[in-house]
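**Q** Show me how the following folds:
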Amino acid sequence: MLRFSEERDPFALTQFVRLRIIDPEGAYWRRGIEAATRWRRETGRTELRVPYVFVALEEWGAVGGYPLGRWLADVRRYYAAGSLEGKRVTELEALGMVWSAWDTAWADGLAVAKDYAAVHGHFLPSTNAVWGGDRMAIGVWAKNQRAAARKTHENAERRAAGESGVSSAGELSESRLEALDAIDPAWCPAWGIDWQRGFHLTLMHVRSGGALPVRAGEVIVQGDDLGAWTTTQRAGWDKLTPAQQWMRDSVLGLPPADEAEQQPARRTQADRWATHLAAARQFHTREGHLNVPRKHTEDVDGMDVRLGGWLDNTRRRADKLAPERRAELDELGMRW
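**A** Now for the predicted structure:
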C-alpha cells in the first residue's frame, strides 16, 4: 500500500489510512464483523450464538486468530450500557446478533441437549456428563433445568391453591419447558434421574430384541449395569412409587422378588449390640466373669458371635459409648 509509485484506488487508500492510522478501533470493529460473517458462512447458522471461548481459525485468512466470542460479549455489554452506535447495532442485527447473553447460553445448552439426545436416545445425562465440541457440562446444565422446572411446577401449584406473592424468579418459561419436553418427555421425572435412565436403557435393550437382564454385569449400556439395576428394583419393590411399580410391572414385565430371592435386611448397629450383649451375658452366666479370650466365639441360638474381639474393640472406644450401654456391661463385671 505504501509503494506510491504504483497506481492505487483512491477509495482503498483512504480506507487503509482511516482504519490503520486514523481509526484503529474501527479496524478492530471491521475485523469483528468479518470474523462474524465468516463464522456464519462456515457454520451455516443464521444467528450469532458464538461460544465465549471461540477464536477464529487460522485458516480463515485475515481474521484468523480473532477472539470472536469475547468480542461479541464485549459488544453486548456496550449495547446494554447504551454506548453502541446505532449503525453498528443495525450492522450486527443484520448478521443475526443475539443481544441477551442469558438467551445465548440457553440456546447453546438446548442445541447440545438435542445432540446428546440424538446420540443416546434420551436426555437423562449424569451430573458429570460433558458433550459437544466445546465439552459443555451438559449434565450440570440439565440438572439446573430440572431444578427450575420443578420450581415452576411447585409455584404453579401454590398459585392454584390461592397463595399470593409467589415469586417467579428461577422458573422456566412455558416455551422452554416445551422445548425440553420435545427433546425427551421424560427428561424431568418426579423421581431420581438415575432410576429413570436405568428404566429407559433397560426398556430400549428389551425392545431391540435383548433379554431382560437379571444378573449384575450381564448387560452394560452407556456405562450403566442394567442387570444390577433390575436386581435392585425387584428387591426394593416396596420403595417405589405406584407409578414406578406400574412401569416396572406393566412396561418391563419385571415383578418384585419373591421371598426366596429377597436379600436379608441389613442389621442395624442396635441389632449387633443386642446380639453381642446376649453373648456376653451367656458367657457371664456360665463362667461367672467376663474375662473373655480375644479369639473366643460364643454360640448364640446357632450363630457364632465373636465375643472376645467385640469386647476388646468396645474397651478401645469406651469413651464414645452411650452411658446406658456402658452400664449394661458394668453389670457383668466388665474390666475397662
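**Q** From now on I want contacts and neighbour counts done on CA atoms only, so please keep to that.
**A** Noted.
**Q** Correct me if wrong, but Ala190 is in a strand.
**A** No: secondary structure of Ala190 (DSSP: H, G, I helix; E, B strand; the rest coil): coil, not part of a strand.
**Q** Please tell me how far it sits from Ala80.
**A** To Ala80, Ala190 is 39 Å away according to Cα to Cα, to the nearest Å.
**Q** Same question for Gly86.
**A** Distance, Gly86 to Ala80, by Cα to Cα: 13 Å.
**Q** surely Trp336 meets Asp312?
**A** No: judged on Cα atoms under 8 Å, Trp336 makes no contact with Asp312 at a distance of 9.2 Å.
**Q** Neighbour count: those two, which is higher?
**A** Neighbours per residue (other Cα atoms under 10 Å) separate Trp336 from Asp312, with Asp312 holding more: 15 against 12.
**Q** show me the contacts for that one.
**A** Taking Cα atoms under 8 Å, 6 or more residues apart in numbering, we find Asp312 in contact with Arg294.
**Q** does it sit in a helix or strand, and which one?
**A** Secondary-structure assignment from DSSP states H and E places Asp312 in helix 307-316.
**Q** Glu324 now?
**A** Applying DSSP H and E as the criterion places Glu324 in helix 323-330.
**Q** From Val130, how far out is Gly210?
**A** 28 Å.
**Q** How about Ile193: what's its closest non-neighbour residue?
**A** Closest residue to Ile193 apart from its sequence neighbours, by Cα to Cα, 6 or more residues apart in numbering: Leu124 at 6.6 Å.
**Q** so the one you found makes contact with Trp187?
**A** Yes: counting by Cα under 8 Å, Trp187 is a contact partner of Leu124 at 5.8 Å.
**Q** hey, C-alpha coordinates of the lengthiest helix in the chain in PDB?
**A** Using DSSP state H, we find that the single longest helix of the chain is helix 138-160. Output of helix 138-160 as PDB, limited to C-alpha atoms (Å, rounded to 0.1, in the frame of the first residue of the first chain):
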ATOM      1  CA  ILE A 138     -24.400 -30.900  29.800                       C
ATOM      2  CA  GLY A 139     -25.100 -32.900  33.000                       C
ATOM      3  CA  VAL A 140     -24.900 -29.800  35.200                       C
ATOM      4  CA  TRP A 141     -26.900 -27.800  32.700                       C
ATOM      5  CA  ALA A 142     -29.600 -30.500  32.700                       C
ATOM      6  CA  LYS A 143     -29.600 -30.600  36.500                       C
ATOM      7  CA  ASN A 144     -30.200 -26.900  36.700                       C
ATOM      8  CA  GLN A 145     -33.000 -27.000  34.200                       C
ATOM      9  CA  ARG A 146     -34.700 -29.800  36.100                       C
ATOM     10  CA  ALA A 147     -34.500 -27.800  39.300                       C
ATOM     11  CA  ALA A 148     -36.000 -24.800  37.500                       C
ATOM     12  CA  ALA A 149     -38.800 -26.900  36.000                       C
ATOM     13  CA  ARG A 150     -39.700 -28.400  39.400                       C
ATOM     14  CA  LYS A 151     -39.800 -25.000  40.900                       C
ATOM     15  CA  THR A 152     -42.000 -23.800  38.100                       C
ATOM     16  CA  HIS A 153     -44.500 -26.700  38.800                       C
ATOM     17  CA  GLU A 154     -44.400 -26.200  42.500                       C
ATOM     18  CA  ASN A 155     -45.000 -22.500  42.200                       C
ATOM     19  CA  ALA A 156     -47.900 -23.100  39.800                       C
ATOM     20  CA  GLU A 157     -49.500 -25.400  42.400                       C
ATOM     21  CA  ARG A 158     -49.100 -22.800  45.100                       C
ATOM     22  CA  ARG A 159     -50.700 -20.200  43.000                       C
ATOM     23  CA  ALA A 160     -53.500 -22.600  42.100                       C
END
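**Q** Poorly predicted segments of the protein, please.
**A** Low-confidence segments of the chain (pLDDT under 70): 1-25, 101, 259-266.
**Q** which residues does the most centrally placed residue in it contact?
**A** Residue closest to the average C-alpha location in the chain (Cα atoms, centre = their mean): Thr127, at 1.9 Å. Neighbour list for Thr127: 138-140, 142-143 [criterion: Cα under 8 Å, 6+ apart].
**Q** What values do phi and psi take at it?
**A** Main-chain torsions, Thr127, degrees, to the nearest 10: phi -60, psi -30.
**Q** Leu277 too?
**A** According to degrees, to the nearest 10, Leu277 has phi -70, psi -40.
**Q** dump the residue contacts of it.
**A** Contacts for Leu277 (Cα under 8 Å, 6+ apart) come out as Leu329.
**Q** follow-up on the earlier one: neighbour-wise, which of Leu124 and Trp187 wins?
**A** When Leu124 is set against Trp187 and neighbours are counted by other Cα under 10 Å, the residue ahead is Leu124, at 27 against 22.
**Q** Wasn't that one part of a helix?
**A** No: counting by three-state DSSP, one finds Leu124 to be coil, located in no helix.
**Q** Contact partners for it?
**A** So Leu124 contacts 142, 187, 193-194, 196-197 (Cα under 8 Å, 6+ apart).
**Q** just to revisit the earlier point, flag every buried residue along the helix holding Glu324.
**A** For helix 323-330, the neighbour count (16 or more other Cα atoms under 10 Å) marks 326, 329 as buried.
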